[in-house]
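Novice: A structural model of the following input is requested.
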Amino acid sequence: MTGIDSAFLSPENQNVTDIDRLYADLEVSARRLGLASRTLGLVGGYPILLLTREADTKLPRGLVAGGFHGDEPAGPWGIARFLRETDTSVFKQTALSFLPLINPTGLRAGTHCNDWDENPNRFFIHTQGPDKTPSHEGAVLTQYLPLLLRAARDGFISLHEDSGMEAFYAYTFEQGGKPGVFTEKLLSAGTAHFPLQKDGPLYPPEPDTVQNGVVFNLHDGTFEDLLFDSGVPRTACTETPGKRPIGDRVATAQGIIETFAQLLAEG
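Specialist: Prediction:
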């Protein structure tokens, strides 16, 4: 390995599908930071955890999610690394909460979908037909939607990866009809190690078209779409390039969380 990977001696560099190690790492960090760990539900015998810390309700609130897709490991491990390396001072400025791993069976198997071949980030809203319902994981999240909306009151980011790409891009939702500072700062954090995805359609004939590094306000039934539709003022799905080294991708995910925390603190 070269670059950041050679110095990145941590669990994710050894086996990104080792979810038992991931959960253990999260547990240690939660205790150190004074985070409450709540199990929202079990999927395939594994918990979907919400990590949160009691804070002044006047503080800006933000929610960070990772691991909607099992072949996108930098999100969960980026959250784990952020929690491992941050200190409690971040919680004096923001009330951050975390959903570190949405799709445990997918991560364990290294597959995009879960054990039932469901995409956990689809069919939250704008669904068509009786068979278009949320996944096992989606059912857990929608059951706790009021709680998650409170946690994401001022913003939400979901850390994804695009396994077919060499460059970074993001899906963002902002009020006002055009990308603002939220989108700009996330794109800046995402290009710490990677180039920005060039303009154009991602996967024709799908409507996902990148312009200046972003697919903006695309209502596609994802969880970030649901939260924006439910009143969260700014949401995002960041896409680190899966063809790049895992160390760079995890470091970028960590940097995105740090940028998000700063954005929340700045209002």
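Novice: just the helices in this protein please.
Specialist: Assigned helices in the chain, in chain order: 4-7, 11-14, 19-33, 74-85, 104-109, 136-143, 145-151, 181-190, 223-229, 246-266 (criterion: DSSP state H).
Novice: please identify the deepest-packed of the ones you listed.
Specialist: helix 74-85 (a mean of 26; mean count of other C-beta atoms under 10 Å). Bear in mind the C-beta positions are built from the backbone N, C-alpha and C, glycine included.
Novice: just the CA coordinates for that helix, please, in PDB.
Specialist: As requested, the backbone C-alpha atoms of helix 74-85 are provided in PDB (Å, rounded to 0.1, in the frame of the first residue of the first chain):
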ATOM      1  CA  ALA A  74     -15.800   3.700   4.000                       C
ATOM      2  CA  GLY A  75     -18.900   5.200   5.600                       C
ATOM      3  CA  PRO A  76     -19.100   2.900   8.700                       C
ATOM      4  CA  TRP A  77     -15.400   2.900   9.200                       C
ATOM      5  CA  GLY A  78     -15.200   6.600   8.600                       C
ATOM      6  CA  ILE A  79     -17.700   7.100  11.400                       C
ATOM      7  CA  ALA A  80     -15.700   4.700  13.600                       C
ATOM      8  CA  ARG A  81     -12.500   6.600  12.900                       C
ATOM      9  CA  PHE A  82     -14.100  10.000  13.600                       C
ATOM     10  CA  LEU A  83     -15.500   8.800  16.900                       C
ATOM     11  CA  ARG A  84     -12.200   7.100  17.800                       C
ATOM     12  CA  GLU A  85     -10.100  10.300  17.100                       C
END
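Novice: circling back: how about a markdown table for the helices of the chain, with mean pLDDT and distance to Leu51 added?
Specialist: Formatted as a markdown table, those follow (pLDDT from 0 to 100; distance: least, C-beta to C-beta, whole Å):
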| stretch | mean pLDDT | distance to Leu51 |
| --- | --- | --- |
| helix 4-7 | 38 | 25 |
| helix 11-14 | 50 | 17 |
| helix 19-33 | 95 | 5 |
| helix 74-85 | 96 | 8 |
| helix 104-109 | 97 | 15 |
| helix 136-143 | 96 | 15 |
| helix 145-151 | 97 | 10 |
| helix 181-190 | 98 | 21 |
| helix 223-229 | 96 | 17 |
| helix 246-266 | 96 | 12 |
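Novice: show me the one of those that comes nearest Arg53.
Specialist: Across these, Arg53 has its closest neighbour in helix 19-33 (6.9 Å, C-beta to C-beta).
Novice: sorry, back to before: closest one to Thr39 among the helices of the chain?
Specialist: helix 136-143 (9.7 Å).
Novice: that closest one - contacts with which helices or strands?
Specialist: Contact partners of helix 136-143 among helices and strands, from 3 or more C-beta pairs under 8 Å, 6 or more residues apart in numbering; DSSP states H and E: strand 36-43, strand 46-52.
Novice: can you lay out the helices of the chain as TSV showing distance to Phe173?
Specialist: What follows is those, written out as TSV (distance: least, C-beta to C-beta, whole Å):
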stretch	distance to Phe173
helix 4-7	30
helix 11-14	29
helix 19-33	27
helix 74-85	18
helix 104-109	24
helix 136-143	17
helix 145-151	14
helix 181-190	9
helix 223-229	4
helix 246-266	14
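Novice: relative to Pro204, which of those is closest?
Specialist: With respect to Pro204, and counting by C-beta to C-beta, the nearest of the helices of the chain is helix 223-229 at 20.8 Å.
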